[in-house]
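*Asks:* Here is a sequence with its predicted model. Questions after.
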Amino acid sequence: MLTGKSVWDGKQDSEVEDILSEIGKGHGVLKLPGKTEVSEEAMDFLKGCLAGKAMDRLTAHMLLDLPFVAGLGKDSREDEEELSVEDSEEKDCSPSLSDYAADDELSSYAFPDYWNYGVIKKPKVDGEAVRVARPRHMMQ
């Protein structure tokens, strides 16, 4: 995916099943990109992912610690704009339980029809009625 070329020795139009069969037999030869095509960090990551023997392959945790992916997905304070409270609009778009009447059934908003859930009313806890959703087949 980094270079647009197949990493397994063979023709570009080789059938996937043929390539997998050769790899399974131990005949598939991995062709990693050249040093001019990808960074050294990318090469280390590829080697860790694609090692021929399972015991030589790096775990997902180990791969995530490699420099090639280290820091990805982490918030960076430098990239964030600071907004003051005056600049932002205060809106609460999330529904709360107080928006619904006490006798309302749980709506399809909460549980889509394909989940096929029913509502069971339970005793009050701290003065509040508690409702528990359970699959209909468990309500008998």
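*Replies:* That came through fine.

*Asks:* Going by C-alpha atoms from here, please, whenever you check contacts or count neighbours.
*Replies:* Fine.

*Asks:* Does the host helix or strand of residue 47 pack against any helices or strands, and if so which?
*Replies:* For residue 47, the element it lies in under DSSP states H and E is helix 40-49. Contact here means 3 or more CA pairs under 8 Å, 6 or more residues apart in numbering; DSSP states H and E; on that basis helix 40-49 packs against helix 60-64.

*Asks:* hang on, the earlier thing: put the alpha carbons of the helix holding residue 47 into PDB.
*Replies:* Written as PDB, here are the backbone C-alpha positions of helix 40-49 (Å, rounded to 0.1, in the frame of the first residue of the first chain):
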ATOM      1  CA  GLU A  40      13.700   3.300   7.600                       C
ATOM      2  CA  GLU A  41      10.900   3.500  10.200                       C
ATOM      3  CA  ALA A  42       8.400   2.200   7.700                       C
ATOM      4  CA  MET A  43      10.700  -0.700   6.800                       C
ATOM      5  CA  ASP A  44      11.100  -1.700  10.500                       C
ATOM      6  CA  PHE A  45       7.300  -1.700  10.800                       C
ATOM      7  CA  LEU A  46       6.800  -3.800   7.700                       C
ATOM      8  CA  LYS A  47       9.500  -6.300   8.800                       C
ATOM      9  CA  GLY A  48       7.800  -6.600  12.200                       C
ATOM     10  CA  CYS A  49       4.400  -7.200  10.700                       C
END
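
*Asks:* Show me which positions of that helix end up buried.
*Replies:* 42-43, 45, 48-49 (16 or more other CA atoms under 10 Å).

*Asks:* Can you lay out those as JSON lines showing distance to residue 56?
*Replies:* Putting the buried residues of helix 40-49 into JSON lines (distance: CA to CA, whole Å) gives the following:
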{"residue": "42", "distance to residue 56": "17"}
{"residue": "43", "distance to residue 56": "15"}
{"residue": "45", "distance to residue 56": "13"}
{"residue": "48", "distance to residue 56": "8"}
{"residue": "49", "distance to residue 56": "9"}
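
*Asks:* of those, closest to residue 66?
*Replies:* Lowest distance from residue 66 to the buried residues of helix 40-49 (CA to CA) belongs to residue 45, with 6.9 Å.
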